[in-house]
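Colleague: Here is a sequence together with a model predicted from it:
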Number of protein chains: 2
Amino acid sequence: MSAYKTSSVIQAPNAPDPRSSIAKERDNIQFDTIKMHHFLEGSKARSELFLQLTQQMERDPILNTDLKYYDLTKDEQRELTVHKINRLARYIEGDNFSDFQRRLSIVNAFDPQVGTRLGVNLGLFLSCIRGNGTAEQLGYWALSKETAYVKGIYGCFAMTELAHGSNVMGLETTATFDQDTDEFVINTPHIGATKWWIGGAAHSATHTTVYARLIVKGEDYGVKTFVVPLRDANHELNPGISVGDIGSKMGRDGIDNGWIQFSNVRIPRFFMLQKFCKVSKDGEVILPPLEQLSYSALLGGRVIMVLDSFRMAARMTTIAIRYGIGRRQFRPSGQEFEEGVPENQLLDYPLHQKRLLPYLALAYVFSAGAYKVERTIEDTLTLLDDAVDNDDDAGIMKAIEEMKSLFIDSGSLKSTCTWLAAEVIDQCRQSCGGHGYSAYNGFGKAYDDWVVQCTWEGDNNVLGISIGKPIIKHVLAVIDDDKIVKGSSAFLTHTKKYIGDNYKTPILKTAADAADLKLILKALEVAIIRLSYRASESVRKHNFEYVGPESVEITRLKSHHYLLEEFLRRVETTEDKELVPWLTLIGKLYASGIILEKFAATFLTYHVATTDFITEVSSNQLPSLLQEVRPHAVAYTDAFQQSDMMINSAIGRFDGNIYENYFTAVKELNPPRNFKAPYSAALEAMLNRKSLDERNRFEKTDDAAEMLSK
Amino acid sequence: MSAYKTSSVIQAPNAPDPRSSIAKERDNIQFDTIKMHHFLEGSKARSELFLQLTQQMERDPILNTDLKYYDLTKDEQRELTVHKINRLARYIEGDNFSDFQRRLSIVNAFDPQVGTRLGVNLGLFLSCIRGNGTAEQLGYWALSKETAYVKGIYGCFAMTELAHGSNVMGLETTATFDQDTDEFVINTPHIGATKWWIGGAAHSATHTTVYARLIVKGEDYGVKTFVVPLRDANHELNPGISVGDIGSKMGRDGIDNGWIQFSNVRIPRFFMLQKFCKVSKDGEVILPPLEQLSYSALLGGRVIMVLDSFRMAARMTTIAIRYGIGRRQFRPSGQEFEEGVPENQLLDYPLHQKRLLPYLALAYVFSAGAYKVERTIEDTLTLLDDAVDNDDDAGIMKAIEEMKSLFIDSGSLKSTCTWLAAEVIDQCRQSCGGHGYSAYNGFGKAYDDWVVQCTWEGDNNVLGISIGKPIIKHVLAVIDDDKIVKGSSAFLTHTKKYIGDNYKTPILKTAADAADLKLILKALEVAIIRLSYRASESVRKHNFEYVGPESVEITRLKSHHYLLEEFLRRVETTEDKELVPWLTLIGKLYASGIILEKFAATFLTYHVATTDFITEVSSNQLPSLLQEVRPHAVAYTDAFQQSDMMINSAIGRFDGNIYENYFTAVKELNPPRNFKAPYSAALEAMLNRKSLDERNRFEKTDDAAEMLSK
């Protein structure tokens, strides 16, 4: 290159060059990031599918998402979301079901409101019919009426009411059987029973599944599910149906959440979903073997949220780590004033490493957990459907057992992973300083859209209680009756080994223990045992409500146990053996940087770890691990293979050219020509207003005072 | 009342009645909430001023804020913010300075972007001139040019650059002295030096204070401050000035943050702020006694943020607690299916109490801390100004010492309180379940607007490091040289008493210790000492950067020490003695529910508390305290005296009529008449599209296949 070549009007030798920083680190990548992507996506085939689907959407004129996305108003988001759903509807006619699921999981990472608005139809509405309806009912609504192709009808899911959310059994909408007309009468008895938060109800849905109390001959049979048409084929509201828009939300403004009131709306008897529960023409009621079976509609959503947590953590850490590599801040100690000495890269600071790199490890572990729970739900639902199809009662009971276990695993993962992902978004944003607060860097909308995941489809705290409770019950049964616990909580069987005389025997003692991931797994088990044991004593004295906080903590521990166990299994069984040391390093970072950080107080309180161990980990082990991972941070994040479109962040792009990318975007989206605002007249009038005396017609001047006081 | 009187078309005896729940609790209020408000606002007079100012703004047609606020687009927010500033400008012409500060602090609670957009002018711009300019310079810009009345000119504060934020000494904008013309030439050498995030620059500001490197005769004297006009009296950009709008942000969209580039802009020499640093006509440079003096502009903002944290915590806990009183969820255990038995109030659950009530206590403690640091800064700045006015060098040095101490206290409080307030908003939102996610309940915008406080005017982590460092240095000096530490860290002088042989001697041992707030204070001191001691050993082996995480933790501990100490002092000295037991209860809840919860791991690791103590607190002490506070939750929140306008949350209103208020608002803001969206045609076209075969022109049918394969 000619020495006289100029790239801008004036040469500025000190201009920042973040692109070189990241390029240099990429030159030193030590493992195959493509193979790592196979691990992260579960297989080579799935990795390739992921890339193809991403590219297809990236090239799509409507699905493609760029920084303009962050400037959209609520109304614009609502409309664009429909156009995107319309595009996706064309893909769904060609994709097979599992590919389309994969496609949606990618959409969830960069435009979650599209995924959700479509998901209320394909996920919740159809899952509810699949879970509660007969095969024929599913066939009718999903295929004959073409809901599965986002065609003909659009379903929503009317469970939550204004005054009832978590307490599904307490819902108050009624479905009263009218034997004379062979119909159900759906009714909202009062304001509290107004269906609320119903995604799609405000503008999109033609139909809904309704959770309503079945009333037959004056008797209340509890909450069952019904299909109720809301709008006719001309999209006009049916008589007796009132819907409204819930309006602005913290995030996900692209979804038309609404409320619904039913004023004695009549539906044919066969609109009731009757896989498990049936009302005959004569008003005879057959009840399901297990009430919770009808909530299986929510299971699929919970599983998707674990996968979402993986993709979101991957996306956020990618942005923050790329920024941390390109951004420089302060020269090294002692060289503060030496010109020419470059400032330190942000990610070279131990504090910055500690703030970010453990979340990178967390994303890796999420991936393993997400795919396991996804496989499990597929297997379990198939087991259940087969058993129901074959009238196989034993099979049904077996499936119900599996389902219970899945409720625990998916619920604990849902709550723990969605909470952690919210933390990841927030911490990654903070790590980018002020620039993290710009809409164009992606964190704001990501957070606002994300955090509802902690609340919907099972509030995280309520889930925590409902999962902690059976674990504490197991421990009580083990102590009182030597119960043998099965499934993923089998380790509770050995409760007595870790209480009594052994209550204070620590598991984690020496520095080396922090690197022994099997021992960390055991530490989690012992923490669960001892905490549950402590809680069980409170339960004996008080009640289960008293140990709500402990239940939530137990749930958290349980879910990290699940994640670590599955991650270790995946690492042991991976075919790409050359990845094992890199994955093990990540596993250790997860153990020290997440598990031991989050549970230090619990581990110490319950004598799972010694104080020397905790001090050693935080003073030495963790800092060393962070330093070990640091040079490979770009490789670990590149391995997520999230394209610039998915990342959709000016400072998070692959090329690492943070300042140019960001400044260019800001100028394109907000042309500097408009240096006077549309409302500038008001502003200028304020600045150039007359003096106070003049505006007061000189009534308060000394002259006036003199005259008025005469 | 007649038994036949109906309040709605159909009587619904089971309709929820949240209003009665809160009314019943109000009937049992046990302490004088008006007097409590005097305590919270610092005095009876301030309490009354607070109420008058609130009412005045509530009745003001422009300043009044209601739920429509949450539906505004970015452009609408920008414009409305100007109209509000225009109204406030009329008040400022009448208010005295301190009353206006009070007024702004109220505005900050319900419309923070207004406070900030005005604050860049009245706060940052003028504080910078006050802190760095001579009295005459302040008089000229503030009074003669009427900036202080938001008239004539509008200032902004150009410190941060695109590539430099925390490292103020590394800023790259230049101010080169041109002796020939007696001017400074302000220049942006490259993209990285573009002034960035400058509030008010995009549309409002006519002038700015610029932080730029002073270059005189080729020598770089470091970063100094200059007043630079941006726009002329017609609001047209001056030559050489480029500004642009930074566009959408995570929150505070009402502020016109912008970027500025200077292309050799000339200003008269006397536009340099020269209280401490001066350039003579001949290019002779006089430097300030302490470089940091020029950053005192940020001090005021930090103090305001502590007060903001109080008001925000008060506002959020009020909403969440009112909702927790009105909302019912699940019947009591064993009565799940007994009709007529009311469900439990949410706030009666131990977990819910633990999630919310400690934050209520935190708000009380924030109030004490906020007023103390506010008084301190007023005193210190007066001390400094007097000394400078009298050319009193000893006085200046004394003021500088005070200033250093204030940097530590205000910095540690700013970081700790803003982080905690963010947590309060988030946790309060989550405690309201789905309804917390509705924009109309106030949490979403509150959070999005709030979190930038953790980043701006001293990034919380960077502050943490800069405050932890001198504390660790003190400890090193005590150990090595028996240094005697003065000021608020004087307890460090006794470091040796708590290390060595006494390193493992616990401070908190028995249950009773948790109620001894002086002992908790001591525990914080010992935790700071031992953690700093540990960190100092790492510093000897490595360096200060290595102990970044420990520094941040030390800062947090230090700030809780400050808060608790001042709260105790206030309680001891309050004239309303009947409040003391109620305040002491709140103090204990703060200690057990915040301090011991947050620092359990640290207290255990550093042997400040025993495991038995921690177990006892979490299993018994804290649950008892929560139960003790629970019946008075409504009184403690009513005592904040935040009006419905300040609260601005449908579910947070005083009457507690959560469902009616919320539903009415949703219907008013989103008329149910619009059940077809403006974009409905696109949606309907999607649902009613032709079959895939038809859209494919039947090219893929079997018929076509037969013909094409012949």
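Modeller: That came through fine. This is a predicted model, so every value here is computed, not measured.

Colleague: List the contacts of the residue in the stretch 451-600 of chain A positioned nearest to chain B.
Modeller: Proximity of the stretch 451-600 of chain A to chain B (CB to the nearest CB) peaks at A:G548, 2.8 Å away. Where C-beta positions appear, they are placed from N, C-alpha and C, glycine not excepted. Applying CB atoms under 8 Å, 6 or more residues apart in numbering or on different chains to A:G548 gives the contacts A:461, A:464-465, A:468, B:349-352, B:354.

Colleague: domain parsing for chain A?
Modeller: Under the assignment automatic domain parsing, the domains of chain A span A:38-132, A:154-294, A:299-329+A:343-638.

Colleague: distance between the longest one and the chain's centre?
Modeller: So the one you mean is domain A:299-329+A:343-638. Distance, stretch centre to chain centre, for domain A:299-329+A:343-638: 14 Å (CA atoms, centre = their mean, to the nearest Å).

Colleague: now swap in the first one and tell me
Modeller: Relative to the centre of its chain, domain A:38-132 is centred 15 Å away, using CA atoms, centre = their mean.

Colleague: for the nearest residue to the residue of the stretch 451-600 of chain A closest to chain B once chain neighbours are set aside, what are its contacts?
Modeller: Sequence neighbours aside, B:L351 is the residue nearest to A:G548 in space, at 2.8 Å (criterion: CB to CB, 6 or more residues apart in numbering or on different chains). Listed by CB under 8 Å, 6+ apart, the contact set of B:L351 reads A:461, A:465, A:545, A:548-549, A:551-552.

Colleague: circling back: relative to B:N257, which of the domains of chain A is closest?
Modeller: domain A:299-329+A:343-638 (8.8 Å; CB to CB).

Colleague: picking that back up, which one of the contacts of B:L351 has the most neighbours?
Modeller: Using other CB atoms under 10 Å in any protein chain shown as the neighbour test, the contacts of B:L351 are led by A:S551, with 28 neighbours.

Colleague: Am I right that that residue is in contact with A:I467?
Modeller: Yes: A:S551 is in contact with A:I467 according to CB atoms under 8 Å; the separation is 7.2 Å.

Colleague: So which residues of chain A form strands?
Modeller: Using DSSP state E, the strands of chain A run over A:155-158, A:174-178, A:183-187, A:195-198, A:207-216, A:219-229, A:241-245, A:258-262, A:265-268, A:278-279, A:285-286.

Colleague: neighbouring contacts of the fourth one?
Modeller: Residues outside strand A:195-198 that contact it (CB under 8 Å, 6+ apart) are A:120, A:156-162, A:173, A:188, A:201, A:205, A:208, A:210, A:246, A:257-261, A:456, B:434.

Colleague: gap between the nearest residue to A:F157 once chain neighbours are set aside and chain B?
Modeller: Closest residue to A:F157 apart from its sequence neighbours, by CB to CB, 6+ apart: A:L124 at 3.6 Å. Here A:L124 is placed at a distance of 15 Å from chain B (CB to the nearest CB, to the nearest Å).

Colleague: give me every residue that touches A:L124.
Modeller: Contacts of A:L124 (CB under 8 Å, 6+ apart): A:155-157, A:199, A:209, A:297-298, A:301.

Colleague: redo that, cut-off 10 Å
Modeller: With contact taken as CB atoms under 10 Å, 6 or more residues apart in numbering or on different chains, A:L124 is in contact with A:116, A:155-159, A:198-200, A:208-209, A:297-298, A:300-301, A:457.

Colleague: By neighbour count, which of the residues you listed wins?
Modeller: Neighbour counts for these, by other CB under 10 Å, peak at A:A158, which reaches 34 neighbours.

Colleague: How about the contacts made by that residue?
Modeller: A:A158 makes contact with A:124-125, A:128, A:171, A:173, A:186, A:195-201, A:205, A:207-212, A:225-226, A:228, A:230, A:258-260, A:262 under the criterion CB under 10 Å, 6+ apart.

Colleague: The same query, at a cut-off of 6 Å, please.
Modeller: Contacts of A:A158 were listed using CB atoms under 6 Å, 6 or more residues apart in numbering or on different chains, and they are A:195, A:198, A:208, A:210, A:260.

Colleague: hey, what's the first one bridged with?
Modeller: When assigned by DSSP bridges, A:K195 has beta-bridge partners A:E161, A:I260.

Colleague: Kindly report the same for the fourth one.
Modeller: Beta-bridge pairing of A:V210 under DSSP bridges involves A:A158, A:F226.

Colleague: hang on, isn't it packed against A:F226?
Modeller: Yes: counting by CB atoms under 6 Å, A:V210 touches A:F226, with 4.9 Å between them.

Colleague: what's near enough to touch the residue of the stretch 101-250 of chain A found nearest chain B?
Modeller: In the stretch 101-250 of chain A, the residue that lies nearest chain B is A:M250 (3.0 Å; CB to the nearest CB). Contact partners of A:M250, counting by CB under 6 Å, 6+ apart, are A:448, B:437, B:444.

Colleague: Next, A:P332: phi, psi?
Modeller: Here is the backbone geometry of A:P332 (degrees, to the nearest 10): phi -60, psi 150.

Colleague: Tell me the spatial nearest neighbour of it, not counting adjacent residues.
Modeller: Among residues not flanking A:P332 along the chain, A:N344 sits closest, at 6.1 Å (CB to CB, 6+ apart).

Colleague: what about the one you found, how many residues close to it?
Modeller: So A:N344, with other CB under 10 Å, has 19 neighbours.

Colleague: That one and B:Q353, how far apart?
Modeller: From A:N344 across to B:Q353, the span is 46 Å (CB to CB, to the nearest Å).

Colleague: Just give me the neighbour total for A:I614.
Modeller: Count around A:I614 with other CB under 10 Å applied: 23.

Colleague: just to revisit the earlier point, state the pLDDT value of the residue nearest to A:P332.
Modeller: With respect to pLDDT, A:N344 scores 93.

Colleague: Please tell me how far A:D32 sits from chain B.
Modeller: Applying CB to the nearest CB, the value for A:D32 to chain B is 33 Å.

Colleague: tell me the phi and psi of that residue?
Modeller: The phi/psi pair for A:D32 (degrees, to the nearest 10) reads phi -80, psi 110.

Colleague: same question, A:G200
Modeller: When read as degrees, to the nearest 10, the backbone of A:G200 gives phi 90, psi -20.

Colleague: so what's it closest to, chain neighbours aside?
Modeller: Nearest residue to A:G200 in three dimensions, chain neighbours excluded: A:C156, at 3.8 Å (CB to CB, 6+ apart).

Colleague: For A:R540, which non-adjacent residue is closest in space?
Modeller: A:L476 (8.0 Å).

Colleague: gap between the one you found and A:K496?
Modeller: Taking CB to CB, one finds A:L476 at 12 Å from A:K496.

Colleague: again with A:I286
Modeller: On the measure of CB to CB, A:I286 and A:K496 end up 44 Å apart.

Colleague: more neighbours, those two?
Modeller: Neighbours per residue, other CB under 10 Å: of A:I286 and A:K496, the larger number sits with A:K496, 14 against 10.

Colleague: so what pLDDT did that one get?
Modeller: If you check A:K496, the pLDDT there is 97.

Colleague: and if you look at A:F337?
Modeller: Note for A:F337: predicted pLDDT of 75.

Colleague: A:S592 touches A:A514, doesn't it?
Modeller: Yes: assessed by CB under 6 Å, A:S592 is found in contact with A:A514 at 5.4 Å.

Colleague: who touches both of the two?
Modeller: Common neighbours of A:S592 and A:A514 (criterion: CB under 6 Å, 6+ apart): A:617, A:621.

Colleague: Only the buried residues of stretch A:247-265, if you could.
Modeller: Using 16 or more other CB atoms under 10 Å in any protein chain shown as the test for burial, stretch A:247-265 gives A:247-262, A:265.

Colleague: just stretch A:566-575 next, same as before
Modeller: A:566-568, A:570-571.
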